[in-house]
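Participant: compute the structure for the input listed below.
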Amino acid sequence: MNKETTITRGQLFLLIMKFEIGVDILSLPYRIHLLSKGGGWISVFLGGFLIQLIILLCWLLMRRFPSSSIYQIVTLITGKWIGKILIIAYVGYFLLMGTSVLVNAYGVINRWMLQDTPRWAILALFLFSSIYLVRQKLRIIARVLVLISFLVLPMMVLISYGIKEINLLYLLPMTEAGWPNIISGSTETLMAMFGFEFFLVVFPMVEGSSGGKLKSVALASAVVVLLYAFTVFICSTAFSPQQLDLMPEPVIYLLRSIPLGTMDRADFLFLPIWLISIFGAICGYYYTASYGISYLFKQKHHKKAVPYVVIASCVICYLPQQKENLELISTIANRSAYFFLMILPLLLLLLSYILKRKEKMI
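Facilitator: From the prediction side, this is the model:
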């Protein structure tokens, strides 16, 4: 395989970590608090454990077809026509997830940064920059996104400034919400960590053994769980439970209260860094959707499909005018993820054993 179309395990690790840290880092402490109260950090670790199981399930499927992406695997297992339907379904899923991230990113930008800027202007910035980057070869995309992934460090440093505001008594009693609610809160972590599915498409393009690829993805997810747990812990101890009830994005409220040198508010520095980071996550979904379209139409390169994917995503994001309709996009995307990342991979794995479908190793 051409070097320009492959990435290293180290790049895969950083990319997965980047994609999993998305818009939800701003609101996860609030959403988990509503369910788990002081046991929110426990919910994060439970969700992280579930993510590892899902990654293992997907890897067991990919391991049987080490030189194939999910688009090729569905055809090899289910046949030509059903395979095409599933390819279209996966393309739709990746497009929907990318649009969901874009919708949520626009919401944050509109509320906290550019209140009077029209939606079309904000979306145009994402449109042109995404088309330019995603049209490149995989290794070039990976190099750019790896650089962006290092922005996680200053983001976490800024959040850590909240340590001087913590009051551990706010966590007590930790099991106030009850174990059923704490376990239920783990689903919020699941939804916040979608992004690892990028490896379903690039698995054959990653250098190294199948086991090594699993380690990269699993380790990246484990690191993200620790970062999310740290963020939830800081917000849960910096604000009282009554305050958290009124803060949909507590991370921003936390940073607004922290002076940083000559800057009155740390969120002025945090949000631009976060925005660049979100751009990387959106591009990851656009690439996977474009790759699927190029495979479906037997194109040698994915770049011809990129404009259609990005424009479709921006149009979907632009059309709904009601807040409820925008939230519906995210709800549908999150619900569909359970099917495409859990149910369908499990069915495909079982079918591969029943039908004895496995890639022949030379």
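Participant: could you use CA atoms for every contact and neighbour count after this?
Facilitator: Will do.
Participant: where does pLDDT dip in this structure?
Facilitator: Scanning the chain with the threshold set as pLDDT under 70 gives 1-4, 261-263, 360-362.
Participant: quick check: the spatially most central residue of it vs P307, distance?
Facilitator: For the chain, G195 is the residue whose C-alpha lies nearest the centre (C-alpha atoms, centre = their mean; 3.1 Å). Separation of G195 from P307 (C-alpha to C-alpha, to the nearest Å): 21 Å.
Participant: what sits closest to D24 if chain neighbours are left out?
Facilitator: Using C-alpha to C-alpha, 6 or more residues apart in numbering and skipping the chain neighbours, the partner closest in space to D24 is A192 (5.4 Å).
Participant: and the one you found, how close does it get to I82?
Facilitator: 31 Å.
Participant: equivalent analysis for W179, please.
Facilitator: For W179, the distance to I82 (C-alpha to C-alpha) stands at 42 Å.
Participant: again, but for V310
Facilitator: Counting by C-alpha to C-alpha, the gap from V310 to I82 is 26 Å.
Participant: go on, G92?
Facilitator: Counting by C-alpha to C-alpha - G92 and I82 are separated by 15 Å.
Participant: what about those two, which has more around it?
Facilitator: G92 (17 against 13; other C-alpha atoms under 10 Å).
Participant: my read: that one touches T288, true?
Facilitator: No: with contacts defined as C-alpha atoms under 8 Å, G92 does not count as touching T288, sitting 10.3 Å away.
Participant: tell me which stretches of the stretch 101-250 of the chain form helices.
Facilitator: 119-134, 138-149, 152-160, 179-192, 198-202, 210-238, 241-244, 250-256 (DSSP state H, counting those that start in this stretch).
Participant: among those, which is nearest L61?
Facilitator: helix 198-202 (9.5 Å; C-alpha to C-alpha).
Participant: elements contacting that closest one?
Facilitator: Using 3 or more C-alpha pairs under 8 Å, 6 or more residues apart in numbering; DSSP states H and E as the contact test, the elements touching helix 198-202 are helix 9-20, helix 70-78, helix 267-296.
Participant: one more time with 7 Å, if that's ok
Facilitator: Counting contacts by 3 or more C-alpha pairs under 7 Å, 6 or more residues apart in numbering; DSSP states H and E, helix 198-202 packs against helix 267-296.
Participant: the helix it packs on relative to helix 70-78, how many degrees between them?
Facilitator: 40 degrees (axes from the mean of the first three to the mean of the last three C-alpha atoms, to 10 degrees).
Participant: need the helices of the stretch 101-250 of the chain in a markdown table with mean neighbour count and distance to I55, can you?
Facilitator: Below are the helices of the stretch 101-250 of the chain laid out as a markdown table (neighbours: other C-alpha atoms under 10 Å; distance: least, C-alpha to C-alpha, whole Å):
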| stretch | mean neighbour count | distance to I55 |
| --- | --- | --- |
| helix 119-134 | 16 | 25 |
| helix 138-149 | 19 | 21 |
| helix 152-160 | 15 | 22 |
| helix 179-192 | 21 | 12 |
| helix 198-202 | 21 | 10 |
| helix 210-238 | 21 | 7 |
| helix 241-244 | 15 | 32 |
| helix 250-256 | 22 | 28 |
